[in-house]
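J.: kindly generate the corresponding structure for this input.
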Amino acid sequence: MNKVINIEKAAFAYETGKQILSDFSLTIRSGESVGLIGANGTGKSTLMKMLTGLLSHQGKVEVLGLEVEKKNLPEIRKRLGFVFQDSDSQLFMPTVYDDIAFAPRNYGMSREEVEQRVDEALERTRIPHLKYKQNYKMSGGEKRMACIAVVMAMKPEIILLDEPSITLDPYNRRTLINNLNEMSETKLIASHDLDMIYETCERVILMDKTGIRADGSAEEILKDQELLESCHLELPFCFSTPVPRKRK
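T.: So this is what the prediction gives:
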């Protein structure tokens, strides 16, 4: 499989001097579904923003064979979709339809093609009933699914998802998991929802404040209680021992 994300000795530090990533290297190949886990502050969101060019970096960062630099950003962003952690940062038009149609329109697609892209994205995310709903009237879960539809409308080759299951109720969370498992696109999913990661990712990258602590199969890493706890994470519910309920 071809390398679609290639990072070699990359680094990022905020203006305050706080170093988030240092000497960071990672390769992701076409078609992989990769879970990115770790405690808060380990650089998961930072890494995704580096890949989209939203944050500058040092070192080598390539997406689909293109160096992440200013001249390549339009092409990279056309082929890479990013679902933000904060839905309100992604939805800025009056209705769901307008948000999903925004990028296809800007890329010069015909009216018919825009309509087709919108309807396909709504069907894939199972939210056709939200097509003309005003964004400010939606719940957090509805906004999350709408953001995923916005990305799907561009038919990206790579999808980055930052905490995609946050705010979702059990039904929509299950819909999300089913959607992710049906997608053939390369996926990088950052989440604290380790059960969702186990169900959707074959490979898991565990990050700590020094960089990548572990990189392996989802089952190998997510069953390792000692490893997870050393990084301030807990076993996924599916692997944890049930705690007996106290009776009154």
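J.: could you use CA atoms for every contact and neighbour count after this?
T.: Fine.
J.: so which bits of the least confident helix or strand in the chain by mean pLDDT are buried?
T.: For the chain, the helix or strand with the lowest mean confidence is helix 170-182, at a mean of 89 (criterion: mean pLDDT, DSSP states H and E). Buried residues in helix 170-182, counted by 16 or more other Cα atoms under 10 Å: 172-173, 175-177, 180.
J.: now these as a markdown table including distance to G140?
T.: Output for those, formatted as a markdown table (distance: Cα to Cα, whole Å):
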| residue | distance to G140 |
| --- | --- |
| N172 | 11 |
| R173 | 12 |
| T175 | 15 |
| L176 | 14 |
| I177 | 17 |
| L180 | 19 |
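J.: now, among those residues, which is nearest to M154?
T.: L180 (15.9 Å; Cα to Cα).
J.: quick one: contacts for the closest one?
T.: Listed by Cα atoms under 8 Å, 6 or more residues apart in numbering, the contact set of L180 reads T200.
J.: ok, which stretches of this structure are helices?
T.: Secondary structure of the chain (DSSP state H): helices at 44-51, 73-79, 96-106, 111-124, 140-152, 170-182, 194-200, 218-222, 225-230.
J.: in TSV, list the ones you listed along with distance to Y14.
T.: Shown next, in TSV, are the helices of the chain (distance: least, Cα to Cα, whole Å):
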stretch	distance to Y14
helix 44-51	10
helix 73-79	21
helix 96-106	30
helix 111-124	36
helix 140-152	27
helix 170-182	32
helix 194-200	28
helix 218-222	30
helix 225-230	26
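J.: middle-most residue in the chain, spatially?
T.: For the chain, L161 is the residue whose C-alpha lies nearest the centre (Cα atoms, centre = their mean; 1.0 Å).
J.: quick check: bridge partners of it?
T.: Each beta-bridge partner of L161 is listed here: V83, I189, as defined by DSSP bridges.
J.: I'd say S217 and E202 touch.
T.: Yes. S217 lies in contact with E202 (Cα atoms under 8 Å); the separation is 5.8 Å.
J.: measure G65 to L26 for me?
T.: Here G65 is placed at a distance of 14 Å from L26 (Cα to Cα, to the nearest Å).
J.: quickly list what's touching both of the two.
T.: Taking Cα under 8 Å, 6+ apart as the contact rule, the neighbours common to G65 and L26 are I5.
J.: what residues sit buried inside stretch 18-36?
T.: Counting neighbours by 16+ other Cα under 10 Å, stretch 18-36 gives 20-22, 24-25, 28-36 as buried.
J.: closest one of those residues to K187?
T.: Comparing those against K187 with Cα to Cα places S33 closest, at 4.6 Å.
J.: ok, the closest one - contacts?
T.: By Cα under 8 Å, 6+ apart, S33 lies in contact with 186-189, 200-203.
J.: and for K18?
T.: For K18, the set of contacting residues under the criterion of Cα under 8 Å, 6+ apart is empty.
J.: if I look at it, what pLDDT would I see?
T.: Reading off the confidence values, K18 has pLDDT 79.
J.: use 59 as the first number for this chain going forward.
T.: Sure, I'll start counting at 59 from here, so that last one is K76.
J.: what residue ranges in the chain are flagged as low confidence?
T.: Low-confidence regions of the chain, defined by pLDDT under 70, span residues 59, 299-306.
J.: now do 80
T.: Within the chain, the stretches falling below the threshold (pLDDT under 80) are 59, 72-76, 299-306.
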